[in-house]
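Asks: A predicted structure for the sequence below; I have some questions about it.
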Amino acid sequence: MPPNTPIFVSLLFLIFPFFIQQSNAYMELRPDFYDESCPRLPMIIRYHIWAAVQNDSRMAASLLRLNFHDCIVDGCEASVLLDDTRDMKGEKNAPGNVKSLRGFEVIDGIKADLETYCPQTVSCADIVNLAAREAVYLVGGPFWHLPLGRRDGLTASLKSVLAQLPSPKASLENNTAKFISKGLDLKDLVVLSGAHTIGFARCVTFKARLFNYKGSGNPDPDINTAMLSDLRSMCPNRNDGTGANLAPLDVASYDRFDNEYFTNLIGNVGLLESDQGLMADPQTARMVREYSFDPNLFYEDFSESMMRMSLVGVMTGREGQIRKQCGVVNNDDGY
Ligand code: HEM
Ligand SMILES: *[C@@H]1O[C@H](CO)[C@@H](O)[C@H](O)[C@H]1NC(C)=O
Ligand SMILES: *[C@@H]1O[C@H](CO)[C@@H](O)[C@H](O)[C@H]1NC(C)=O
């Protein structure tokens with residue numbers, strides 16, 4: 001700049017880069033976002049996730065799923081954590097989430113600690129993403145450098161869940177369309193389904209495959225016969241409490257993050273219709289074989305897709321707020 005540039009022009013040059021940043025929302029996210037404002041954050045997350053999984057090994061899976069359900073419905077803005085209010089039917093009690101999502105108390109525990117050490121600084125949306133990242137790593141999965149700086153949303157919608165959440169009974173085509181509408185793609189769907197290497201599903205989510213597949217009166221022809229009889233004794237054809245019984249999503253190792261989910265699909269022992277369905281399409285079946293063959297490729301692609309998912313519909317800058325409690329919107333100035 002020449003030395004005699006008028007002061008207002010110099011000012012323009014100073015603030016111009018700021019505008020560029022604002023207009024490109026997710027460019028503002030960065031892994032070191034809280035390094036100065038909350039240096040204890042990594043330690044607090046690590047401790048809480050360790051303690052939660054120590055107490056209940058399924059919690060690693062539950063926190064990973066919570067991250068998916070938050071991001072895929074209206075973006076990663078912690079809307080899934082909001083309790084219903086008199087004027088708002090949110091995501092928590094929507095079909096697919098109610099009596100199914102777990103881990104809210106772990107997120108609340110982390111938030112409570114963070115409010116002591118760095119009040120009103122770390123968003124619930126970032127906590128959900130960090131918790132999942134830490135949980136995956138703790139049970140043997142990959143680690144990725146998660147960009148941070150998300151803000152928390154001000155509302156949640158039951159209707160959004162009905163419209164946007166994939167279903168275990170929907171076709172591959174229909175579930176893929178839901179990923180695509182979020183800027184994700186078929187590869188993200190396949191590799192992220194590898195999350196089903198940990199955790200459990202209730203009988204109600206796959207029972208139709210055992211007794212009455214697509215209204216045929218017969219089981220799904222794509223189930224391994226030994227697995228079929230095991231699952232039938234665990235999930236009898238009755239409408240009683242057994243619908244809530246749990247079967248492991250990965251029969252080989254439900255509490256270890258590995259690539260056996262994909263090997264299972266090749267052996268026809270995938271649990272959900274949407275899991276085994278990945279073998280019915282040549283393009284997805286090829287990816288399944290690749291991930292079964294090469295665990296490192298799975299880890300690399302899983303990390304990449306988790307980062308892509310973590311950027312879906314994020315709020316940054318002055319959007320939204322930093323909640324004080326993850327289950328409720330702040331009712332003050334909304335900082
Ligand atoms: C095509 C998309 C998907 C469908 C249809 C689907 C469906 C399901 C269903 C029905 C369950 C069992 C729920 C219950 O019993 O109440 C489940 C569990 C689970 N899902 Fe998915 N899922 C999908 C993608 C994903 C993705 C992308 C992730 C994470 C990145 C994920 C992570 C998990 C985990 C970890 C569990 C076990 C949770 C626990 O044990 O608490 N799923 N999924
Ligand atoms: C430990 O896990 C059980 C469920 O397995 C849960 O009811 C309990 O609240 C957990 N306790 C702590 C301290 O997290
Ligand atoms: C796929 O979506 C279409 C349009 O919403 C719907 O009519 C159809 O029943 C769905 N099919 C499956 C198998 O989910």
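Replies: Thanks, I have the structure now. Ligands and ions are numbered 1, 2, ... in the order given.
Asks: how about the residues of the stretch 1-150 of the chain that lie near ligand 1?
Replies: 58, 61-62, 64-65, 68, 100, 102 (CB under 6 Å from any ligand atom). Where you see a C-beta, it was placed from the backbone N, CA and C, and this is true even at glycine.
Asks: Turn those residues into a markdown table, including secondary structure.
Replies: Shown next, in a markdown table, are these (DSSP: H, G, I helix; E, B strand; the rest coil):
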| residue | secondary structure |
| --- | --- |
| Arg58 | coil |
| Ala61 | helix |
| Ser62 | helix |
| Leu64 | helix |
| Arg65 | helix |
| Phe68 | helix |
| Ser100 | coil |
| Arg102 | coil |
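Asks: Most neighbours among these, which one is it?
Replies: Each of these was scored for neighbours by other CB atoms under 10 Å, and Ala61 scores highest at 28 neighbours.
Asks: quick one: stretch 198-216 near ligand 2?
Replies: No - using CB under 6 Å from any ligand atom, stretch 198-216 never reaches ligand 2; the gap is at least 12.3 Å.
Asks: Quick check: the gap between the residue nearest to Lys99 when sequence neighbours are not counted and Met234.
Replies: Take Lys99 and drop its neighbours on the chain: the residue closest to it by CB to CB, 6 or more residues apart in numbering is Ala244, 7.7 Å away. Ala244 sits 11 Å away from Met234, going by CB to CB, to the nearest Å.
Asks: all helices for the stretch 201-335 of the chain, in order.
Replies: 208-211, 225-234, 260-266, 273-276, 282-293, 295-309 (DSSP state H, counting those that start in this stretch).
Asks: now those helices in a markdown table, with distance to ligand 3 and mean pLDDT?
Replies: A markdown table is the format used below for the helices of the stretch 201-335 of the chain (distance: least, CB to the nearest ligand atom, whole Å; pLDDT from 0 to 100):
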| stretch | distance to ligand 3 | mean pLDDT |
| --- | --- | --- |
| helix 208-211 | 12 | 97 |
| helix 225-234 | 21 | 97 |
| helix 260-266 | 19 | 98 |
| helix 273-276 | 9 | 98 |
| helix 282-293 | 16 | 98 |
| helix 295-309 | 22 | 98 |
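Asks: Now tabulate the ones you listed in JSON lines and tack on mean neighbour count and distance to Cys124.
Replies: Listed next are those as JSON lines, based on neighbours: other CB atoms under 10 Å; distance: least, CB to CB, whole Å:
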{"stretch": "helix 208-211", "mean neighbour count": "19", "distance to Cys124": "35"}
{"stretch": "helix 225-234", "mean neighbour count": "14", "distance to Cys124": "36"}
{"stretch": "helix 260-266", "mean neighbour count": "23", "distance to Cys124": "29"}
{"stretch": "helix 273-276", "mean neighbour count": "22", "distance to Cys124": "28"}
{"stretch": "helix 282-293", "mean neighbour count": "16", "distance to Cys124": "32"}
{"stretch": "helix 295-309", "mean neighbour count": "19", "distance to Cys124": "17"}
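Asks: can you list those in JSON lines and add distance to ligand 1?
Replies: Below are the helices of the stretch 201-335 of the chain laid out as JSON lines (distance: least, CB to the nearest ligand atom, whole Å):
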{"stretch": "helix 208-211", "distance to ligand 1": "12"}
{"stretch": "helix 225-234", "distance to ligand 1": "13"}
{"stretch": "helix 260-266", "distance to ligand 1": "10"}
{"stretch": "helix 273-276", "distance to ligand 1": "4"}
{"stretch": "helix 282-293", "distance to ligand 1": "11"}
{"stretch": "helix 295-309", "distance to ligand 1": "7"}
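Asks: Please tell me how far Asn218 sits from Thr205.
Replies: Asn218 is 19 Å from Thr205, by CB to CB.
Asks: Between the two, tell me which one has more neighbours.
Replies: Thr205 (22 against 10).
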